[in-house]
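A.B. asks: below is the sequence, then the predicted model.
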Amino acid sequence: MENEEKERQELDIFILLEDFLRQASRMWLMGLILILLCSAGFTFLQRRSYYPSYEAHASFTVRVANPLYASVSGYNEKTAQVMADTFPSILTSNLLQRRVMEKLGITGVPSMTVTASAESSILTLTVRDSDPQRAYDVLNAVMECYPEVAEFVVGSTVLVLLDESGVPTEPVTSFSYKSNLVKGAIIGGFLWCVIVAFLILVKNTIHNEEELHRTLNTPCLGQIPMVKLTRKMPYPLLHRFKSDSGFGEAIRLLRLRVEKAMEEEGWKVLLVSSAIPGEGKTTVSTNLAASLAQKGKRVLLIDCDLRNPSVVNVLTTKNHPLVSSNNMIDYMRGKIKVMDMIQPTELENLFIIPAGSGGKADYSSMLTNERMSLLIRAARNLYDCVILDTPPCSLLADAAEVAELAECGLMVIRQDYAARDQILDGIQRLGDGKLPIIGCAFNSIRKGLSGGYGYGYGYGYGYGGYKYGYGTKK
């Protein structure tokens, strides 16, 4: 148990790292803008607050004022050492600072430091200030006032000046644009990483099959990989891939498990839905129908997504264009019969009913129309399997309405996409109508750092600007 827990923790770390890298790649432009803004802003603020600093310094030795000890070098060296030890405290004493301010008529003293040579009795006093003349004046004032203040500590002494800088002409610190730009860029990069990490932590999505099992009380019937799409192949379809491709194998495995679950119960009508748009439910339902048709079953795929029909787009080819002139909406309005809207596809045994477009309409009432019930009963008698491609179930009531007519349901869950509460809410909505959920299709799997299964297929899918009556996704 301890080893399993340790492996799970390591896997979670890999998952978080994968999510971070993936989210960072999606937000690279935002990161670049944030880095540039922080770099420019930090440099601007530092430049505004920058003042040049000048240093005036003097080197001197210490001699005792008492003639009896003036010639004793050991005494002078000892005095110099005492001076060096006491210099910092005396420099910061109110007495010395007050004397210097009175002498110069200033309200404050600049920064002052003193250093002592380790091998001699030479001391160096340094005064730093933004005004070069004031730095030099303070240096001289300290040299004059210090012996008087130090007399109470080390006795009478005399400072013998050895060298002094004069009034400084150049600042000791210059403003570095390069350094500040780099510091600002680091700050911007850090803020970007914090934002990316925050978005990952609040996302609360499903990353792998283990998390899927922990979140849902339904089996995972298949893991469908991500495939790279082109303009010539804008949608992944089973019959357009090699028979031994990872995508084809995943669809066939899903079909095998779905078929087994339905045959055991004698079910023919399967509802396919997802929690939110963009999870690939239409692609999964289309490929599942194609796989069943390739096996020899007569399959009818009904596009029940009246708000955003897409089955026709997925199955249309240059050699076999599909139209939606006779469609579900016309049928619901009593304009045509069931057989008028059933269309064959390029695959033998696979037929579709397009949703069509009805402008502004009450789609929920259409799906609960008595004619919908008649359609499902007729389709069940004519075909071996009927697949209903419905709208997302956590956002609309449409899927729940169709669920009353279906015999079982399949949820499509895209990896790292929908939030867990959205998925659970969608399944609960379908379950309220007592629809048995036979399992989930884990879609758009990517192979990541954790080494888990995945080929991944994250394609545009046609939901870039979907409209469902609850808003438009940009």
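C.D. replies: Great, that's in hand.
A.B. asks: every contact and neighbour count from this point should use C-alpha atoms.
C.D. replies: OK.
A.B. asks: any buried residues in stretch 287-300, and which?
C.D. replies: Asn287, Leu288, Ala289, Ala290, Ser291, Leu292, Ala293, Gln294, Lys297, Arg298, Val299, Leu300 (16 or more other CA atoms under 10 Å).
A.B. asks: dump those to JSON lines, plus secondary structure.
C.D. replies: Listed next are these as JSON lines, based on DSSP: H, G, I helix; E, B strand; the rest coil:
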{"residue": "Asn287", "secondary structure": "helix"}
{"residue": "Leu288", "secondary structure": "helix"}
{"residue": "Ala289", "secondary structure": "helix"}
{"residue": "Ala290", "secondary structure": "helix"}
{"residue": "Ser291", "secondary structure": "helix"}
{"residue": "Leu292", "secondary structure": "helix"}
{"residue": "Ala293", "secondary structure": "helix"}
{"residue": "Gln294", "secondary structure": "helix"}
{"residue": "Lys297", "secondary structure": "coil"}
{"residue": "Arg298", "secondary structure": "coil"}
{"residue": "Val299", "secondary structure": "strand"}
{"residue": "Leu300", "secondary structure": "strand"}
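A.B. asks: sort out which residues of stretch 418-427 are buried, please.
C.D. replies: Neighbour-count burial for stretch 418-427 [16+ other CA under 10 Å]: Ala418, Arg420, Gln422, Ile423, Gly426, Ile427.
A.B. asks: now stretch 44-54
C.D. replies: Residues Phe44, Gln46, Ser53, Tyr54 are the ones in stretch 44-54 that count as buried (16+ other CA under 10 Å).
A.B. asks: relative to Thr43, how far out is the last one?
C.D. replies: It refers to Tyr54. 22 Å (CA to CA, to the nearest Å).
A.B. asks: and for Asp425?
C.D. replies: With CA to CA as the criterion, Asp425 and Thr43 are 49 Å apart.
A.B. asks: for the lengthiest strand in the chain, packing partners?
C.D. replies: If you go by DSSP state E, the chain has its longest strand at strand 54-64. Secondary-structure packing of strand 54-64 (3 or more CA pairs under 8 Å, 6 or more residues apart in numbering; DSSP states H and E): helix 73-91, strand 122-129, helix 132-154, strand 157-164.
A.B. asks: which of the ones you listed has the lowest mean pLDDT?
C.D. replies: Sorting the helices and strands packed on strand 54-64 by mean pLDDT places helix 73-91 lowest, at a mean of 62.
A.B. asks: same for the helix or strand that comes right after that one, what does it pack against?
C.D. replies: Using DSSP states H and E, the helix or strand that follows helix 73-91 in sequence is helix 94-104. In terms of contacts (3+ CA pairs under 8 Å, 6+ apart), helix 94-104 is packed against helix 132-154.
A.B. asks: tell me where the model's unsure across the chain.
C.D. replies: Applying pLDDT under 70 to the chain flags residues 1-12, 62-88, 118-121, 152-155, 157, 241-244, 358-361, 433, 447-474.
A.B. asks: can you list the domain ranges for this structure.
C.D. replies: Domain segmentation of the chain under automatic domain parsing yields 2-50+175-199, 54-164, 206-445.
A.B. asks: winner for burial among those domains?
C.D. replies: Ranked by mean neighbour count, those are led by domain 206-445 with a mean of 19 (mean count of other CA atoms under 10 Å).
A.B. asks: secondary structure element for Ile336, which one?
C.D. replies: Residue-wise, Ile336 maps onto no helix or strand under DSSP H and E.
A.B. asks: from here on, count from 319
C.D. replies: Okay, using 319 as the starting number, the last item reads as Ile654.
A.B. asks: enumerate every residue touching it.
C.D. replies: Asn644, Asp648 (CA atoms under 8 Å, 6 or more residues apart in numbering).
A.B. asks: swap in the one 4 residues further on?
C.D. replies: Taking CA under 8 Å, 6+ apart as the contact definition, Asp658 lies against Asn644.
A.B. asks: quick one: it from Leu693, how far?
C.D. replies: Relative to Leu693, Asp658 is positioned 12 Å away (criterion: CA to CA).
A.B. asks: then Val632?
C.D. replies: 23 Å.
A.B. asks: top helix in this structure by residue count?
C.D. replies: helix 495-521 (DSSP state H).
A.B. asks: tell me what whatever helix or strand comes next after that helix is packed against?
C.D. replies: Counting by DSSP H and E, the next helix or strand C-terminal to helix 495-521 is helix 527-533. Packing partners of helix 527-533 (3+ CA pairs under 8 Å, 6+ apart): strand 538-543.
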